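Colleague: Need a 3D model of the following:
(6 chains)
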6 protein chains.
Amino acid sequence: MTMPLLDDDQLSPEAAAVFADIRETRKSDFVNNFWRALAHDPVSLKRTWESIKQVMAPGALDPLTKELIYVAVSIANGCNYCINSHAAAARAKGMSDAQFMELMAVVGMASETNRLATGLQVPVDAAFLRQPPRSITED
Amino acid sequence: MTMPLLDDDQLSPEAAAVFADIRETRKSDFVNNFWRALAHDPVSLKRTWESIKQVMAPGALDPLTKELIYVAVSIANGCNYCINSHAAAARAKGMSDAQFMELMAVVGMASETNRLATGLQVPVDAAFLRQPPRSITED
Amino acid sequence: MTMPLLDDDQLSPEAAAVFADIRETRKSDFVNNFWRALAHDPVSLKRTWESIKQVMAPGALDPLTKELIYVAVSIANGCNYCINSHAAAARAKGMSDAQFMELMAVVGMASETNRLATGLQVPVDAAFLRQPPRSITED
Amino acid sequence: MTMPLLDDDQLSPEAAAVFADIRETRKSDFVNNFWRALAHDPVSLKRTWESIKQVMAPGALDPLTKELIYVAVSIANGCNYCINSHAAAARAKGMSDAQFMELMAVVGMASETNRLATGLQVPVDAAFLRQPPRSITED
Amino acid sequence: MTMPLLDDDQLSPEAAAVFADIRETRKSDFVNNFWRALAHDPVSLKRTWESIKQVMAPGALDPLTKELIYVAVSIANGCNYCINSHAAAARAKGMSDAQFMELMAVVGMASETNRLATGLQVPVDAAFLRQPPRSITED
Amino acid sequence: MTMPLLDDDQLSPEAAAVFADIRETRKSDFVNNFWRALAHDPVSLKRTWESIKQVMAPGALDPLTKELIYVAVSIANGCNYCINSHAAAARAKGMSDAQFMELMAVVGMASETNRLATGLQVPVDAAFLRQPPRSITED
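Modeller: Residues are numbered from 1 along each chain as shown, chains lettered A, B, ... in the order given. Here you go, the predicted structure:
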């Protein structure tokens, strides 16, 4: 660890208020280590928690789909903590083992073809673009 | 490009057979550049295409969810070709602009917290694990 | 592009308000392409802009140091847009060419030793830790 | 580990000379594990140590700023060893906890916008470039 | 772990058949943890094992060279499991410690210059291209 | 570009000396763009060129194998410039198209299994380690 984890009795009032909202929102007394490390910076803690709540709320995509995307990105970014915590969150939202294994297959296949396309330096087909490319030299 | 793109009349018989299956499967004459670069290695072309068909078929996850995961991973892996081609594929499978923008927000938020957890070197909470960790020193 | 860039007359009222604040804050009429793409999701646009303003404001670190860190991370993450935009921002905040070249040398050296330490799988020295590691199996 | 760590009495004369210089330069008897793994290749050990000394010396940027950049890059590259060792080095050069937490916030925010810009495939604004792009097709 | 490792007596018949082929191919009773985790998805297990066998077989490149490339990519992708397992595989195929240390030096140097070229946004020299770039705007 | 490319008549004497050595070593008048960007920092230019010469010289691995590793790492790190320049260097050292396509297949397969192992959080088998892990808590 690069910063010690904070126990409840070590929190600043601002951090304690965020912890209270985490507990209220999740209907659980458990606050995981990520927030206990981030609590050293109450402003960052509050901003990150508020953003997570907003981004992960139901919208054009359902919460489980968002959680699956979160896990997939965490794998590609190589964040072990996040893989474990968001896989747990996805299971809590209903992800089955079969769905997780299928997610893994997609992540693996995408990573393989990502490297193939990059290594072969394949130019983007015009058919895939949303609008004609704007030259970087025009204003 | 590190390898020239192959036109239809430059394909080996093995590669031509894969192209025929791509066209048959997609009900379209269009074969995108990725396959035209990979066609230099017909064995790899065939294996990759067969794998993609298997992995992206409906299963425990629906095809659109899989395509969204594919796009998210391509962003995290920094593959511009794949971002464009799979965003197009997702749109073809029904992804709305609002869904794409929400996907983007999740990918961005995940990448932010991924770096926070890694930088703070947060240890994984025992509550998140599927089974007690097997020591790497025991057989 | 996966989403078209929006011109000023294509903005929703919420997005237009954010653009007005960008112009007011920066004392400049210029709004760069990043915000014109993100404007398709006014909620995400507002959250991202508010966060950037908060995070990049003077604090325990001065604004130029923060901008240098931003550029370094963008290089490691391979984001060409961000490398260009934040190198420009750093120059506007006083970064000299010599400072940029020194930044480059540090980024390059860090990336080399990062891979050496990862490839050699070097265990972390106890002397570097902030606190004894908390076992992932204890509660 | 992929290579055993070498104790002082296992070093080649060339490696021992580098270790002596590390101790002399740092005014400390402690030599961390990174060098003990790299010592299997004395040529690489010497080159890497000499480069580090040169790159991290005071110059257009002060040593603490360089160390902060080193930590930020190590996070983005996902090197746990380097995050711990260079966070310790930064603390030894005067980094406060508040500065470290602010560094974290910048790294997190940069990683979020990096992915947004990449996912949206935002074209670089002409205003950000140092010189007109040189076509890759002209000589 | 996000999925428990499966023992031999927990395998589905399809997974057991793959394990039998792994043992037969490698002339060893040992089946490493990677396959025990992947065995939760017998279709993915079979596809991955068949692909590995095909890709890593002797061809235009010899097996040791392929294993060295595998290790190098695993370091760059930050996969600790794969670094350890494929370094062991490379040693089994004859890799000496001196060769491994030289591999490390190349991986480190490549990573340094990769970041320099990306940070400096160096345009590709026309002399390096295999064919004139095909504009992304032409059909 | 974040720094303009320097023409021969814009070089400092120190940079000009390095360019002369590049030309002498390669027996060619062509100096590629990477060095023309790095020439803004003659100290970094000299150190990088000397290191490249040392690392890429024949040793325990032959020069072509090293070049293949360089290309593979550049793909995994997503450096387009380096992919193109080192693929050209590998071709100049005898790499055939078939070898390049096989390299691509290994890079793709490694990237797929890297993500699978990371996502499944597979623990390292004791059999793969070079020595018993040294606890991070002991001195």
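
Colleague: Point out where chain A drops to low pLDDT.
Modeller: Judged by pLDDT under 70, chain A has its weakly predicted residues at A:132-139.

Colleague: ok, which residues in it are in contact with chain C?
Modeller: Residues of chain A lying close to chain C (Cβ under 8 Å from any Cβ of the partner chain) are A:1-5, A:43-44, A:47, A:51, A:54, A:129-131, A:133-134. All C-beta atoms are positioned from the backbone trio N, CA, C, and that covers glycine.

Colleague: In ChimeraX, select just the buried ones from these.
Modeller: In ChimeraX, this line selects whichever of the residues of chain A next to chain C come out buried by 16 or more other Cβ atoms under 10 Å in any protein chain shown:
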select /A:1,2,3,4,5,44,47,51,129,130,134
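
Colleague: just checking, A:Y81 touches A:F34?
Modeller: Yes. A:Y81 is in contact with A:F34 according to Cβ atoms under 8 Å; the separation is 6.7 Å.

Colleague: Common neighbours of the two, please.
Modeller: Shared contacts of A:Y81 and A:F34, defined by Cβ atoms under 8 Å, 6 or more residues apart in numbering or on different chains, are found at B:117, B:122.

Colleague: List the buried residues of the biggest helix by length in chain A.
Modeller: In chain A, assigned by DSSP state H, the helix with the most residues is helix A:97-120. For helix A:97-120, a neighbour-count test (16+ other Cβ under 10 Å) marks A:99-120 as buried.

Colleague: re earlier: more neighbours, A:Y81 and A:F34?
Modeller: Ranked by neighbour count (other Cβ atoms under 10 Å in any protein chain shown), A:Y81 and A:F34 place A:Y81 first, with 24 against 21.

Colleague: That one: what's it in contact with?
Modeller: A:33-34, B:117-118, B:122-124.

Colleague: now those residues as TSV including distance to D:T65 and secondary structure?
Modeller: Listed next are these as TSV, based on distance: Cβ to Cβ, whole Å; DSSP: H, G, I helix; E, B strand; the rest coil:
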residue	distance to D:T65	secondary structure
A:N33	30	helix
A:F34	28	helix
B:A117	25	helix
B:T118	21	helix
B:V122	26	coil
B:P123	29	coil
B:V124	32	coil
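
Colleague: Contact residues of chain A facing chain F?
Modeller: Going by Cβ under 8 Å from any Cβ, the residues of chain A near chain F are A:71, A:75-76, A:78, A:80, A:83-84, A:103-104, A:107-109, A:111-116, A:118-121.

Colleague: Now with 10 Å, please.
Modeller: A:71-72, A:74-80, A:83-84, A:87, A:100-101, A:103-121 (Cβ under 10 Å from any Cβ of the partner chain).

Colleague: Whichever residue of chain A sits closest to chain E and B:V55: what is the separation?
Modeller: Nearest to chain E in chain A, going by Cβ to the nearest Cβ, is A:M101, at a distance of 3.8 Å. Counting by Cβ to Cβ, to the nearest Å, the gap from A:M101 to B:V55 is 11 Å.

Colleague: now swap in A:A20 and tell me
Modeller: Relative to B:V55, and taking Cβ to Cβ, A:A20 is found at 43 Å.
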